[in-house]
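J.: how does the following fold in three dimensions:
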Amino acid sequence: MKIRNFLLLATWATSLTLAAPAFAGTFDGGMPVNWRCTGSCGTSAANGVVSLAPGGGSAYGWISSYHSSSAVALPGVGGVGEAANGSLLRSVSFMADANAALDFRFNYVTTDGAGYADYAWARLLDADNRQVALLFTARTSEDGNAIPGFDMPASAATLTPFPVAVAPGQTRWAPLGPDSDECYDAGCGATGWVRAQYAIANAGKYRLEFGVTNWDDQDFDSGLAFDAITVGGAPLPIPEPGPHAMLLAGLAMLGTLKRLAR
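T.: Numbering: from 1, shown residues only. As a prediction, the model looks like this:
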């Protein structure tokens with residue numbers, strides 16, 4: 001009985017070490033381990049005006065200026081006023097081949113308008129967190145588009161659709177906290193899901209950065225949802241857990257089982 005049980009458990013442990021590492025490009029399992037959040041970040045199923053992303057999973061990632069006192073800003077932003085507070089999320093590093101296609105979806109929701117135009121963005125960074133490309137910006141005015149954002153630096157990704165105006169008053173979304181379903185003056189609403197595509201020119205190691213900033217005060221929050229992230233046609237690699245951790249766990253289990261079998 002003891003030997004039979006040992007063989008069964010050993011077979012299980014060996015299969016664990018040989019199993020292929022699991023990867024995901026969506027947020028079905030919650031916020032990925034080792035993604036670095038400054039401020040307020042999370043995951044959500046379809047909620048309020050933000051449905052599930054086309055090509056995404058059963059949940060999406062989000063960042064919001066609500067419940068964040070962090071000083072977060074994008075360089076080169078114009079307009080009267082200054083950045084107040086916001087949130088920032090950076091992915092784990094990933095490898096990309098030359099000319100690899102980066103593809104993802106995003107949805108910007110803002111309760112602020114008029115002269116308090118909040119904004120959001122995504123950037124591609126190198127391994128040292130230096131900007132390789134500003135992928136998109138989103139920012140509303142009383143009479144302008146949300147995408148491209150007004151008084152914002154030029155962005156590099158191909159966006160579909162483009163340009164985009166917010167759907168007025170569409171602000172019911174839990175990550176906005178008490179401001180959900182609120183609206184300050186003209187310009188608040190949601191963009192709906194937008195597709196961003198960008199060709200990474202050089203092979204190397206990169207990170208994705210998503211950011212949102214509350215402009216000129218900390219009232220009437222804004223947020224950004226994102227999902228369906230692929231690089232070179234494959235889901236952005238998020239180990240769950242890494243193959244080395246699985247291998248070590250399997251070897252440790254085998255050692256323990258051998259001692260028990262003696």
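J.: going forward, measure contacts and count neighbours with C-alpha atoms only.
T.: Noted.
J.: surely residue 72 touches residue 87?
T.: Yes - the criterion here is CA atoms under 8 Å, and residue 72 meets it with residue 87 at 6.1 Å.
J.: return every residue with contacts to both of these two.
T.: 211-213 (CA atoms under 8 Å, 6 or more residues apart in numbering).
J.: quick check, nearest of those to residue 167?
T.: Nearest to residue 167 among these is residue 212, at 18.7 Å by CA to CA.
J.: let me see the contact set for the closest one.
T.: Residue 212 sits next to 63-65, 72-73, 86-88, 118-121, 222-224 when contact means CA under 8 Å, 6+ apart.
J.: same thing but 10 Å
T.: Residues near residue 212 by CA atoms under 10 Å, 6 or more residues apart in numbering: 39-40, 62-65, 72-74, 85-89, 108, 110, 118-122, 137-139, 221-224.
J.: try residue 198
T.: Counting by CA under 10 Å, 6+ apart, residue 198 makes contact with 99-104, 124, 133, 135, 156-159, 231.
J.: change it to 8 Å
T.: Counting by CA under 8 Å, 6+ apart, residue 198 touches 101-103, 135, 156-158.
J.: redo those as CSV? Include secondary structure.
T.: Putting those into CSV (DSSP: H, G, I helix; E, B strand; the rest coil) gives the following:
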residue, secondary structure
101, strand
102, strand
103, strand
135, strand
156, coil
157, coil
158, strand
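J.: can I get the buried part of these as one PyMOL selection?
T.: To isolate the buried ones among the contacts of residue 198 in PyMOL, judged by 16 or more other CA atoms under 10 Å, type:
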select buried, resi 101+102+103+135+156+157
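J.: and for stretch 26-46, what are the contacting residues?
T.: Stretch 26-46 has contacts (CA under 8 Å, 6+ apart) with 51-52, 56-70, 86-92, 227-229, 235, 238.
J.: for stretch 75-85, same thing?
T.: Contacts of stretch 75-85 (CA under 8 Å, 6+ apart): 65, 68-73, 115, 151-153, 213-218.
J.: could you pull out the strands for the stretch 51-200 of the chain?
T.: According to DSSP state E, counting those that start in this stretch, the stretch 51-200 of the chain carries its strands in the segments 60-64, 83-90, 94-96, 100-110, 119-126, 131-139, 158-160, 167-168, 189-190, 194-200.
J.: reformat those strands as a markdown table; add distance to residue 174 and mean pLDDT.
T.: Below are these laid out as a markdown table (distance: least, CA to CA, whole Å; pLDDT from 0 to 100):
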| stretch | distance to residue 174 | mean pLDDT |
| --- | --- | --- |
| strand 60-64 | 10 | 98 |
| strand 83-90 | 16 | 96 |
| strand 94-96 | 30 | 96 |
| strand 100-110 | 11 | 97 |
| strand 119-126 | 18 | 97 |
| strand 131-139 | 20 | 97 |
| strand 158-160 | 26 | 98 |
| strand 167-168 | 17 | 90 |
| strand 189-190 | 13 | 95 |
| strand 194-200 | 20 | 98 |
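J.: just put those strands in TSV and tack on distance to residue 181.
T.: Putting the strands of the stretch 51-200 of the chain into TSV (distance: least, CA to CA, whole Å) gives the following:
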stretch	distance to residue 181
strand 60-64	15
strand 83-90	19
strand 94-96	37
strand 100-110	10
strand 119-126	18
strand 131-139	18
strand 158-160	26
strand 167-168	11
strand 189-190	9
strand 194-200	21
